[in-house]
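A.B. asks: sequence? don't have it. structure:
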């Protein structure tokens with residue numbers, strides 16, 4: 001691969017002139033700019049972004065950390081962030097968490113620090129190391145803090161606080177902000193809708209790992225909304241109607257098979273995600289149940305597949321594109337040395353009633 005000096009020599013200009021062209025400066029004549037660009041293309045020159053970062057203090061790269069890349073809701077999120085990043089000449093580095101090897105999550109952060117990324121977006125919170133392994137993680141977060149690298153989170157406020165407290169980060173630190181939704185209220189409204197439709201036996205199906213560290217607060221918030229709606233309607237809570245399964249369609253199918261075999265099975269189901277809810281819906285129809293006549297199903301997220309399934313899935317719509325846009329635009333503001341008018345911003349959800357519920 002060619003060097004900056006080779007490009008300059010080939011174009012017959014100084015290294016400084018090539019740098020001006022690469023940085024889009026208008027002080028270079030159009031003829032010189034075209035000549036330099038032609039040499040860059042012919043020599044297949046690629047800037048060393050890390051080396052440039054040492055001089056400019058910017059590498060024009062951000063990182064996005066996700067709990068999984070298999071859930072379509074996160075695919076929409078990262079697509080939104082990548083589109084906006086590319087519009088602003090930023091590259092995106094993507095990582096997904098490792099729930100088996102917790103220490104590797106903070107090895108990612110070490111790698112991102114070494115790459116000198118300009119900012120980081122985190123969906124959820126990576127499982128934190130046990131206390132005896134926290135020293136290394138604290139050191140890398142302290143290094144990010146000293147560099148003033150901004151972080152934007154999409155999660156629950158309680159988990160956000162756990163993260164900040166764990167690493168000794170003040171809650172008013174302007175380089176850390178949170179985007180969130182009210183998961184408890186969202187599920188409360190869904191269950192209330194089912195109760196108003198006449199259901200009193202309502203199954204609650206959770207997806208994925210429930211007891212990761214810190215505690216899976218998004219799951220607990222959804223369960224609290226479920227319990228609150230039952231209590232408000234004076235419907236007794238039954239633990240036998242609560243079950244968790246693996247992520248995805250098969251997990252929903254397995255959970256439905258278990259709950260539908262109970263002596264007094266549910267007549268309605270609420271899933272904590274759309275993929276597991278679509279699995280429930282598919283299993284119900286394949287088992288011969290009339291939907292929504294005998295069984296109603298409501299999901300969470302409003303992924304694209306929900307509106308194309310047969311029957312179409314009722315679900316809680318999360319404005320994930322708006323959240324992704326806010327994540328990047330606020331990160332961009334912070335990376336530019338600005339301040340955001342808030343450290344915590346909440347987005348509204350919406351209950352969408354389709355064919356899988358009355």
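C.D. replies: Structure received. Since the structure is predicted, the reported quantities are computational estimates derived from the model, not experimental observations.

A.B. asks: and for stretch 143-156, what are the contacting residues?
C.D. replies: 77, 109, 113, 117-125, 160, 163, 169, 173, 175-180, 183, 217-218, 221, 323, 327, 330-331, 334-335 (CB atoms under 8 Å, 6 or more residues apart in numbering). The C-beta positions use only the backbone N, C-alpha and C, and glycine is treated the same way.

A.B. asks: can you rerun that using 6 Å?
C.D. replies: 113, 119-125, 160, 175-179, 217-218, 323, 327, 330-331, 334-335 (CB atoms under 6 Å, 6 or more residues apart in numbering).

A.B. asks: Tell me which residue lies nearest the centroid of the protein.
C.D. replies: Nearest to the geometric centre of the chain sits residue 123, at 3.4 Å (CA atoms, centre = their mean).

A.B. asks: Show me the beta-bridge partners of that residue.
C.D. replies: residue 154 (DSSP bridges).

A.B. asks: how close does it sit to residue 337?
C.D. replies: 25 Å (CB to CB, to the nearest Å).

A.B. asks: re earlier: among the contacts of stretch 143-156, which lie within strands?
C.D. replies: With DSSP state E as the criterion, strands contain 119, 120, 121, 122, 123, 176, 177, 178, 179 from among those.

A.B. asks: Excluding sequence neighbours, find me the nearest residue to the last one.
C.D. replies: For residue 179, the nearest residue in space outside its immediate sequence neighbours is residue 154; the separation is 4.7 Å by CB to CB, 6 or more residues apart in numbering.

A.B. asks: need the helix or strand of the chain with the lowest average pLDDT.
C.D. replies: Lowest on mean pLDDT, DSSP states H and E among the helices and strands of the chain sits helix 49-56, with a mean of 52.

A.B. asks: now the angle from the helix or strand following that helix to strand 119-123?
C.D. replies: Using DSSP states H and E, the helix or strand that follows helix 49-56 towards the C-terminus is strand 61-66. If you take axes from the mean of the first three to the mean of the last three CA atoms, to 10 degrees, strand 61-66 sits at 10 degrees to strand 119-123.

A.B. asks: So in that sheet, which strands flank strand 61-66, and in what orientation?
C.D. replies: strand 91-96 (parallel), strand 119-123 (parallel).

A.B. asks: for it, what is the average pLDDT?
C.D. replies: Mean per-residue pLDDT for strand 61-66: 94.

A.B. asks: Could you do stretch 298-318 as well?
C.D. replies: 97.

A.B. asks: how about the closest residue to residue 305 other than its chain neighbours, phi and psi?
C.D. replies: Distances taken as CB to CB, 6+ apart put residue 278 closest to residue 305, at 6.4 Å, once the chain neighbours are dropped. Residue 278 adopts backbone torsions of phi -70, psi -30, taken as degrees, to the nearest 10.
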